[in-house]
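1. Take this sequence and fold it.
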Amino acid sequence: PSTLKDVLAKIRGTLPVKKEKPVVTIDAGIATDDNLTMLKQEGYDYVCVCRSKPKGYIRISPKVLFIEDNTGGKIEIEKVSVEGYQDTFLRVKSENKSVKESSMDEKLTQRLEQRLEYLKQGLSLPRRLKRITAVHEHVGRLKDQFSSVAKYYQIDYLEDQENGLVKDITWERKKQKEKPPGEYFLRYSRKKLTENEIWDVYNLTREVEASFR
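-> Numbering: from 1, shown residues only. All right, here's what the predicted structure looks like:
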């Protein structure tokens with residue numbers, strides 16, 4: 001919060017006297033509860049990408065808004081409310097983002113399952129991992145390496161406890177745990193802004209960031 005406070009202090013010094021404070025747009029990486037609370041205390045409204053999918057949200061838009069991005073990709077937008085929060089949230093579903101995420105998910109899923117299959121086959125081969133501790137440690141490293149998809153998997157072991165060996169490994173991907181590809185949520189504090197206005201504020205920041213890449 002102290003770093004963000006310093007940035008706000010510099011911005012405040014450039015604003016005309018009695019000028020309405022701008023809406024602050026921040027990335028998910030620094031959109032912590034502490035930072036958002038500090039922004040409210042300083043009198044700023046904000047728009048940010050949610051760090052995780054809100055649980056138990058309720059739609060409050062009368063209908064889903066459909067727009068297009070600059071490449072012609074379809075985007076769904078709707079206001080939702082989340083129990084326990086005064087802020088309003090925007091659910092965004094991007095066609096282009098969905099295609100990109102699905103492609104990346106497919107590649108990572110294939111690599112993870114190839115590694116698991118290699119480990120499974122090695123259980124019956126000489127000079128390959130079989131010890132319970134070694135197998136669990138290896139699977140743990142795979143989960144870290146492929147964390148974005150591994151979190152959806154249930155991995156089970158058939159173990160020979162007497163000899164300390166793993167006899168078999170099975171895995172299953174739990175679809176019900178997954179979020180729809182291309183979906184994310186924006187969180188904002190200024191309730192009078194429409195879906196289009198929130199989207200415009202967010203995209204203006206993305207365009208500025210892109211100019212520095």
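2. switch to C-alpha atoms for all contacts and neighbour counts from now on
-> OK.
3. list the contacts for the closest residue to residue 115 other than its chain neighbours?
-> Nearest residue to residue 115, sequence neighbours excluded (Cα to Cα, 6 or more residues apart in numbering): residue 142, at 7.9 Å. Going by Cα atoms under 8 Å, 6 or more residues apart in numbering, residue 142 touches 112, 115, 150.
4. Make a PyMOL selection of the buried ones in these.
-> In PyMOL, this line selects whichever of those come out buried by 16 or more other Cα atoms under 10 Å:
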select buried, resi 112+150
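5. Adding distance to residue 43 and pLDDT, write the contacts of residue 142 out as TSV.
-> Converted to TSV, the contacts of residue 142 look like this (distance: Cα to Cα, whole Å; pLDDT from 0 to 100):
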residue	distance to residue 43	pLDDT
112	47	98
115	51	98
150	41	96
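6. ok so, going back, part of a helix, is the residue nearest to residue 115?
-> Yes. With DSSP: H, G, I helix; E, B strand; the rest coil as the criterion, residue 142 is part of a helix.
7. where's it relative to residue 108, distance?
-> Going from residue 142 to residue 108 by Cα to Cα, to the nearest Å gives 11 Å.
8. Just the helices from the protein, written as ranges.
-> Per DSSP state H, the chain carries helices over the ranges 2-14, 33-41, 95-122, 132-145, 147-150, 195-210.
9. Select, out of those, the one closest to residue 58.
-> helix 195-210 (15.5 Å; Cα to Cα).
10. Not counting sequence-adjacent ones, nearest residue to residue 61?
-> Per Cα to Cα, 6+ apart, closest to residue 61 is residue 79, 5.0 Å.
11. Spit out the contact partners of residue 119.
-> Neighbours of residue 119 in contact, by Cα under 8 Å, 6+ apart: residue 129.
12. With residue 89 as the reference, name the closest of the helices of the chain.
-> So among these, helix 195-210 is nearest, using Cα to Cα, at 9.8 Å.
13. got a pLDDT number for the most centrally placed residue in the chain?
-> In the chain, the residue lying closest to the centroid (Cα atoms, centre = their mean) is residue 52, at 5.3 Å. pLDDT for residue 52: 83.
14. Torsion angles phi and psi at it?
-> Backbone torsions for residue 52, taken as degrees, to the nearest 10, come to phi -150, psi 160.
15. I'd like to know how far it sits from residue 29.
-> Residue 52 is 11 Å from residue 29, by Cα to Cα.
16. quick revisit: using TSV, lay out the helices of the chain together with distance to residue 180.
-> Shown next, in TSV, are the helices of the chain (distance: least, Cα to Cα, whole Å):
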stretch	distance to residue 180
helix 2-14	32
helix 33-41	25
helix 95-122	8
helix 132-145	21
helix 147-150	13
helix 195-210	20
